[in-house]
Structure formats: structure tokens, C-alpha cells
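# pasting the sequence and the predicted model now:
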Amino acid sequence: VQLQASGGGLVQAGGSMRLSCTASGRIFRITDMAWYRQGPGIQRDLVAVINGQGTTDYGNSVKGRFAISRDNGKNTVHLEMNSLKPEDSGVYYCRTDLRAQAGGRERTYWGQGTQVTVSS
């Protein structure tokens, strides 16, 4: 299983950006899909998560500005980021929990990370 993230880059404060992450390989069922952010010298923090039923949760700093969604048919999760602030900068990682086969054990997979830089 591989996760391929895309959509990072440089944006001015107040702008918007969309990140996407697609899982490929042997996949039976995906449960949670999530985005994390890691700034220089700090831990990787949860930004947003969406479960298989579409229930979402967000980190306090992004509530009301970011929106997570998923396309189950394409095994893809999106993160729509609006009203971006310089403190939103960091490397964004996607995470997926899935079973590769029926009855198999659920495992966690991480994408390679994509850099988001918000200039002031």
C-alpha cells in the first residue's frame, strides 16, 4: 500500500490551498483518513480526520477554516485549507488506517509529506 500526497506549495496569508492524498495497492477497506502537520522542531499534530461514515474532527487551530473530505471510490482524502495563516506552515502528512484483505489486521500507513508554506 502506498499513499501519494499532492497539492502543497507556497501561498500568501489569507489564501487557500487544497491537499489530496490517494491510497493505492491492495486495499479491502479504509477506516480513518487524516492529515497531520509538522513544523520545524515540533511534533506532528493532528489537523483533521474523517472516518468511514464521514464523521470529521479538527484540531482547534483550524476549526472553521479547514475542511476534510474523502472520495471512497478513489481511496482519496482531501484537505481544503482557507484563510491560511503563517502558523499553518509545515509539512503535511496524510495517514490512512486500512485492512488489506477481509479479516486482516488494520494497519496504519503514512504518506511522504508535502510542504505548505504560508507567507505573511
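Received, thanks.
# C-alpha from now on. contacts and neighbour counts both.
Noted.
# now residue 19. Nearest residue, chain neighbours left out?
Distances taken as C-alpha to C-alpha, 6 or more residues apart in numbering place residue 7 nearest to residue 19, at 4.5 Å, with adjacent residues excluded.
# touching, the one you found and residue 94? I think so.
No - look at residue 7 against residue 94 with C-alpha atoms under 8 Å: they stay out of range, at 11.9 Å.
# when the two are compared, which one has more neighbours?
residue 94 (30 against 14; other C-alpha atoms under 10 Å).
# who's in contact with the nearest residue to residue 119 once chain neighbours are set aside?
Excluding its sequence neighbours, the residue lying closest to residue 119 (C-alpha to C-alpha, 6+ apart) is residue 12, at 4.8 Å. By C-alpha atoms under 8 Å, 6 or more residues apart in numbering, the contact set of residue 12 is 84, 118-120.
# give me the beta-bridge partners of the residue nearest in space to the middle of the chain?
Centroid check for the chain by C-alpha atoms, centre = their mean gives residue 35 as the closest residue, at 2.6 Å. Counting by DSSP bridges, residue 35 forms beta bridges with residue 48, residue 94.
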